[in-house]
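# Compute the structure for the input listed below.
(one chain, ligands or ions: 1)
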Amino acid sequence: MAGQIPRQFIDELLARTDIVELIDKRVPLKKAGSRNYTACCPFHNEKSPSFTVSPDKQFYHCFGCGAHGNAISFMMEFEQLEFVEAIEELAKDLHLEVPREKGQFNNRPQAQADDYTLMQQAASYYQQQLQQHPKAAEVQAYLTKRGLSAQSIADYQLGYAPESWDGLLKHFNANSKAKRDQLYDLKLISRNDNGREFDFFRDRLMFPIRDKRGRVIAFGGRVLGDGQPKYLNSPETRLFHKGRELYGLYEARQQPGHLERLLVVEGYMDVVALAEHDIRFAVACLGTATTSDHFHTLFRYTSQVICCYDGDRAGRDAAWRALQNALPQLKDGVELKFVFLPDGEDPDSLVQKEGKAAFLERLAQAKPLSQYLFEHLLAESDPSSDAGKTALAAKATELIRQVPGTYYQEQLSSKLDNLLGRQSARTTKAPAKARPTAPSTTLKITPMRRAIALLLQNPGLVQVMPDAPELADAALPGINLLLSLQQHILAKPGVTTAQLLEYWRDLPEHTILLKLASWEHQIAPEQLTQDFLDTFHSIEDLYLQQRLEALERKDKLQQLTKTEWQEYHLLLQALKSKKPRPVS
Ligand SMILES: [Zn+2]
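A predicted model of the protein is given here:
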């Protein structure tokens, strides 16, 4: 393990990050009520907003799907980051360096950081060659002919890999074996059977492939003339897994606001050419079919995906493969469409020829999934014969079965019924709601949970909370959590709900704390202190009652010590003189 990130730093990060601002940049928020903000939930598909963000608690919660957490959780969920990556991203926003505690040694994270640095250096080298290489003017002329402006070239960090066997090798002046191994591992250089090393990309236009955090993880190289292969990608490396990455997704996500849709095209040139025409929502798969992982990623960022293919045989095959891979990702509320371009055209050539408006019009005419699916099946099986009907039913049912969205399933099934000329057995009314049921059954609020929830949501209540260390001995579930919450707040005045939750992230109590943080207590602000005190006292009473019963049992056996005997009588008196308190 790497050195741990100091707890104090995580605290500071949460103190300085404003969760409203953080989320608003990704999911535009609207004010709701006097304090909170709301939006349609980014973690499930819905038409009316049930996702709320509380600036006081620095916490978000969705009443639809139950998603909740602090800024770190949001980054992990929304950006699909690991814990440490989420910390790094938040730190980057605040221009902070993530410190590491000393002690443990393992240089893997350092090595990984070096990998990203090296890839960025290679990208810079290719960019520089596009300006300085003797052939630069020729390459620039080619780009101009392809209609690319200096802005697009800069936005996508395009570069040129020179026509040379050792341009990159020399640039890195790779004398050490370790350095050359790193270049080789990242597939920037190749080795032949004799161990001779040479640049992997030569005389190609270079497209850096960036991951979801904008780091260069691989390259795509396109031939300038008619050479083969037209596109050459970095092979898989420890940084690059092509079945998961989408070229252009990082850039598309840099656009302000929510991504209404994403367009999947075939090549990087298509992505850049479309951006040049201000169509900034295209992504390209990297030498693979669009995988199920790709669709999973795409539907994380948008609810509408349009796949764009050549109208030729290869394009149709690719589209059908994509459809099959997409089926398991079709939750209710998402939309998948297909566009087929005229033979011999690609989005790059077409947008140049027709312009933006005409291209967008093609997208508007895209075929919905259900239409494309049945057109394809009908081309294979003719339902006018019994054999054709059976074949169609079997194939369609097998495909529909894979769709998780119930509304989607219904829609496809009833379309199949129509085609087969059979009465739809299914009810057509009331399509299943896109909203999944909240995973948490309603939380039972005991006095202990009530006290914990109120304190967690309003750490300032610690001021009125009595110091009662004897409670630690009580056999009351949750008492240790309540007391340790109290200690944490006392140790760190001004601590927020979000920070408190962070202390428990890896502990078993985290789940219940998250639920209690999002519990809506409906207590008026001016009643809050009294309610909390009443709740606390009722917990104390429970403890005193327990203690009294224990002493009573001992007394019957005549085993009380002198101090216990005194305590027993004090308790009896105290409980007698006390009016019963309301227990919530
Ligand atoms: Zn939700």
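
# hey, let's count contacts and neighbours off CA atoms from now on
Fine.

# Show me the contact partners of the helix or strand that contains R321.
Applying DSSP states H and E as the criterion places R321 in helix 313-326. With CA atoms under 8 Å, 6 or more residues apart in numbering as the test, helix 313-326 has contacts from 289-292, 295, 307, 309-310, 338, 369, 373, 399.

# neighbours around D346, how many?
By other CA atoms under 10 Å, 20 other residues sit near D346.

# Repeat that for E540.
Going by other CA under 10 Å, the residues that sit close to E540 add up to 16.

# and what of the one 10 residues further on?
As a burial measure, the neighbour count of A550 was computed by other CA under 10 Å and equals 12.

# Ok, S48 next?
S48 is flanked by 12 other residues according to other CA under 10 Å.

# Tell me how far it lies from the ion.
Noted for S48: a distance of 11 Å to the ion, by CA to the ion, to the nearest Å.

# List the contacts of that residue.
Counting by CA under 8 Å, 6+ apart, S48 has contacts C40.

# Report the contact partners of the one residue in the stretch 101-250 of the chain that gets nearest to the ion.
Ranked by CA to the ion, the top residue of the stretch 101-250 of the chain for proximity to the ion is K212, at 22.1 Å. Going by CA under 8 Å, 6+ apart, K212 touches 79, 249-250.

# Counting only helices, which of these make the cut?
249-250 (DSSP state H).

# and of the contacts of K212, the nearest to L327?
Using CA to CA, L249 comes nearest to L327 of these, at 21.3 Å.

# I'd like to know how many residues surround the closest one.
If we define neighbours as other CA under 10 Å, then L249 has 26 of them.

# Close to the ion: what parts of this structure are there?
Neighbours of the ion within the chain, by CA under 5 Å from the ion: 41, 43-44, 62, 64-65.

# Dump the residues you listed to CSV, plus secondary structure, neighbour count and distance to F83.
CSV is the format used below for the residues of the chain next to the ion (DSSP: H, G, I helix; E, B strand; the rest coil; neighbours: other CA atoms under 10 Å; distance: CA to CA, whole Å):
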residue, secondary structure, neighbour count, distance to F83
C41, coil, 22, 21
F43, coil, 17, 18
H44, coil, 21, 21
C62, strand, 23, 21
G64, coil, 22, 25
C65, coil, 20, 22
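
# so what does the helix or strand where R450 lies touch, helix or strand wise?
If you go by DSSP H and E, R450 is part of helix 447-457. In terms of contacts (3 or more CA pairs under 8 Å, 6 or more residues apart in numbering; DSSP states H and E), helix 447-457 is packed against helix 479-491, helix 497-503, helix 510-518, helix 528-556.

# And the second one, what's buried?
Think helix 497-503. For helix 497-503, a neighbour-count test (16 or more other CA atoms under 10 Å) marks 497-502 as buried.

# who's in contact with it?
For helix 497-503, the external contacting residues (CA under 8 Å, 6+ apart) are 11, 14-15, 56-59, 69-71, 456-459, 485, 488-489, 510, 513-514, 517.

# Kindly give a single PyMOL line that selects the buried subset of the residues you listed.
Selecting only the buried entries of these in PyMOL, with 16+ other CA under 10 Å as the criterion:
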select buried, resi 11+14+15+57+58+59+69+70+71+456+457+458+459+485+489+513+514+517
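
# List every C-alpha atom in the helix or strand where M206 lies, with coordinates, as CSV.
Assigned by DSSP H and E, M206 belongs to strand 204-210. Below are the C-alpha coordinates for strand 204-210, written out as CSV (Å, rounded to 0.1, in the frame of the first residue of the first chain):
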residue,chain,number,x,y,z
ARG,A,204,1.3,9.2,-38.6
LEU,A,205,-1.1,11.9,-37.5
MET,A,206,-1.3,11.3,-33.7
PHE,A,207,-4.5,11.4,-31.6
PRO,A,208,-3.8,11.2,-27.8
ILE,A,209,-6.5,9.0,-26.2
ARG,A,210,-7.4,10.4,-22.8
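
# what residues does that strand touch?
123, 126, 139, 156-163, 216-224, 247-248, 250, 268.

# In strands, which of those residues appear?
159-161, 216-223 (DSSP state E).

# Of those residues - the most surrounded one?
That'd be Y160 among those, by other CA under 10 Å, with 30 neighbours.

# which stretches of the stretch 351-500 of the chain aren't confidently modelled?
423-442 (pLDDT under 70).
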